[in-house]
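Participant: okay, sequence plus prediction incoming.
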Amino acid sequence: MRPWLIGIATIGLITGISACNYPGFSWPKEGMASTIKATEGTIQQLETQVALAFTPTPEPRFYLPIPPTVTLSPEMAGLTVPINDNVPCNRAAFISDVTIPDGVEIPPGSIFTKIWEIQNNGSCTWDNTYSVAFTGEGSSLSADIPAPILADEKVEPGEIVRISYELTAPDQFGPYYSEWKLLNGNGDLFGIGEDGDEAFWLEIEVADRYSFADNLCSASWQNSTNVLTCPMAKNSEQGYAIPATPSEIETLENQAGKTLLLVPEGVTGGVITGVYEAILVPEMAHFQTKIGCLEEGSPCSAVFALGYRLVDGYEVVLGTWPVTNEGKITSIDLDLAPFSLPGSQVEFILSVTSQRDSGGDLVYLSDPQIFATP
C-alpha cells in the first residue's frame, strides 16, 4: 500500500456532481477542482470546491509486505537490552500490539495485518530460519502455514522487532481468539514468558462495524513531506493522529464513543493524512462521525476529507467538510450505497488540511466508523 498525500484548499464557486457520476470522479491532480453536490438520498453536504494534490512518499518500515516478516522497531533499531546469562536460547517477550488491539471490531471477510512488537530476550540470535506460526489454539484466521519472519536481517538478543502477518476475518459474526508462537530452524516452537513456552495472541470481534479510532495504527500516516510512524507523539510539529484523552473528551460536550485528534503539521496549509488497510464494506454501510475543533476560540480553520481507494488503485473523494473554531459540531452520516462500496475491499482515507498560515489545527473526529444500518 502506497500512502498518498491529500492536500485540500477551499476556493470559489463550483460544479456539482451526482452520485451516479462518481465512477468518473477521482482525486484531482494539483490545480484541478471537483465537488460533491448535495442531492436527496446521496450526500447531505453543501457545495464545496476542493483542489487535491498528491505526493507519493516512502512506505513506513513497519508497514510490511506479505509474506509476513520481521523488521527492527524504528525506535529500537540498533538498541539492545541487557539479557541475563542464565536464560534459554530461544525466548521472546511481548512488548505491544502495534495494530489490531484486543477486541477490535472487523467486518466479516476483511483482510487485515496484525503487527506485534516482540523482544528477543533469549540468548540466541534469530535468523532467516525462524518463523511465526499459529499454534492450533483458537482460530487460524486463514493462516495455514508458518511464515519466515526474517529475510537478510538478524535479531540479536535484546533487540525489539515488529512481526506482521496478513490474516482474514471469518465470515460469521462473533469473537475470535488466535494463539501464536515462534518456530526455530529445528522446528521447535517457543514463545514468551519466563520459560519461553507461552503464546502471544490476538482477539477480534467480527461485526458489521469498523472503528477508525481502534485501528489508528493500521493506517499509513503522513504529512505533506514525511511518513509518520504510529503511535505518534502529541504536540509534534510534524502533525499527529492520536486518541483523545479522557480530559479532552470532556471538552467535546460529552460526545459518545472513541475520539481521534487529527492535527496537521505546523506549516501553511499543513496536512495530516491516513490511508487505512482495506476492509470489506458491509451491506447497507454508512460512514458516521461528528467533527469540530477541540477548543472553541483556539486557532482552528481546516477542511476534513473522506475518500477511498480500491485495491486496483482507483481513488475517489466521498466528501469534504469545513471545520472552524466557532463552536459548531458537524454530524456526518454518509450512505456508502450510492458509491457501490458495499461488498468491495476498500482502503478508506481520512485527511485534514489546515486553512491557516501556521497549521496545527486541533480537529477531532468523534467515534469515526463504518457501520451497517439495520
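Facilitator: Happy to help now that I have it. Numbering: from 1, shown residues only.
Participant: so how far is stretch 185-205 from its chain's centroid?
Facilitator: In terms of CA atoms, centre = their mean, to the nearest Å, the centre of stretch 185-205 is set 26 Å apart from its chain centre.
Participant: can you measure across that stretch, start residue to end residue?
Facilitator: Stretch 185-205 has its terminal residues 34 Å apart, counting by CA to CA, to the nearest Å.
Participant: who touches that stretch?
Facilitator: 88, 90-94, 97, 100, 102-106, 114, 116, 118, 122, 127, 129-130, 133, 135, 137-138, 141, 169, 174-184 (CB atoms under 8 Å, 6 or more residues apart in numbering). To be clear about C-beta, it is placed using only N, CA and C from the backbone, and glycine gets the same treatment.
Participant: what is the mean pLDDT for that stretch?
Facilitator: The pLDDT scores in stretch 185-205 average 93.
Participant: cool, and stretch 104-119?
Facilitator: Mean pLDDT, stretch 104-119: 88.
Participant: measure it end to end?
Facilitator: Stretch 104-119 has an end-to-end distance of 24 Å (criterion: CA to CA).
Participant: buried sites along it?
Facilitator: By 16 or more other CB atoms under 10 Å, the buried positions in stretch 104-119 come out as 104-108, 110-119.
Participant: of those residues, which belong to strands?
Facilitator: Per DSSP state E, strands hold the following members of the buried residues of stretch 104-119: 104-106, 111-119.
Participant: so what's the closest residue to residue 307 other than its chain neighbours up against?
Facilitator: Excluding the flanking residues, the one nearest residue 307 by CB to CB, 6 or more residues apart in numbering is residue 349, at 4.2 Å. Applying CB under 8 Å, 6+ apart to residue 349 gives the contacts 4, 6, 273-276, 305-309, 315.
Participant: check which helix or strand covers residue 349.
Facilitator: For residue 349, the host element (DSSP states H and E) is strand 345-354.
Participant: so what strands line up beside whichever helix or strand comes after that strand?
Facilitator: Using DSSP H and E, the helix or strand that follows strand 345-354 towards the C-terminus is strand 363-372. When pairing is defined by DSSP bridges, strand 363-372 lines up against strand 209-211 (antiparallel), strand 259-263 (antiparallel), strand 285-293 (antiparallel).
Participant: quickly compare those strands and say which is most buried.
Facilitator: Highest mean neighbour count among the strands paired with strand 363-372 (mean count of other CB atoms under 10 Å): strand 259-263, with a mean of 24.
Participant: quick check: end-to-end length of stretch 132-146?
Facilitator: 6 Å.
Participant: repeat that for stretch 258-270.
Facilitator: For stretch 258-270, the end-to-end distance is 25 Å (CA to CA).
Participant: check contacts around residue 218.
Facilitator: 99-100, 112-113, 276-277.
Participant: want to throw those into TSV with distance to residue 160?
Facilitator: TSV is the format used below for these (distance: CB to CB, whole Å):
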residue	distance to residue 160
99	16
100	19
112	23
113	19
276	25
277	23
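Participant: greatest separation within those residues: which pair is it?
Facilitator: Taking CB to CB, the two most distant members of these are 100 and 276; they sit 12.3 Å apart.
Participant: can you work out which residues contact both of the two?
Facilitator: Common neighbours of residue 100 and residue 276 (criterion: CB under 8 Å, 6+ apart): 215, 218.
Participant: residue 300 versus residue 324, what's the distance?
Facilitator: With distances taken as CB to CB, to the nearest Å, residue 324 is found 6 Å from residue 300.
Participant: list the residues that contact both of these two?
Facilitator: Both residue 324 and residue 300 are contacted by residue 293, under the criterion CB under 8 Å, 6+ apart.
Participant: I'd like to know which of the contacts of residue 218 is nearest to residue 328.
Facilitator: Closest to residue 328, out of all of the contacts of residue 218 and judged by CB to CB, is residue 276, at 26.4 Å.
Participant: pLDDT below threshold where in the chain?
Facilitator: 1-85, 148-152, 245-257, 296-297 (pLDDT under 70).
Participant: give the closest residue to the most centrally placed residue in it in space, chain neighbours not counted.
Facilitator: Centrality entry for the chain: nearest residue to the mean C-alpha point is residue 219, 2.2 Å, by CA atoms, centre = their mean. Spatial nearest neighbour of residue 219, excluding adjacent residues (CB to CB, 6+ apart): residue 274 at 3.8 Å.
Participant: who does the nearest residue to residue 347 once chain neighbours are set aside bridge with?
Facilitator: Using CB to CB, 6+ apart and skipping the chain neighbours, the partner closest in space to residue 347 is residue 309 (4.3 Å). Residue 309 forms beta bridges with residue 315, residue 347, as assigned by DSSP bridges.
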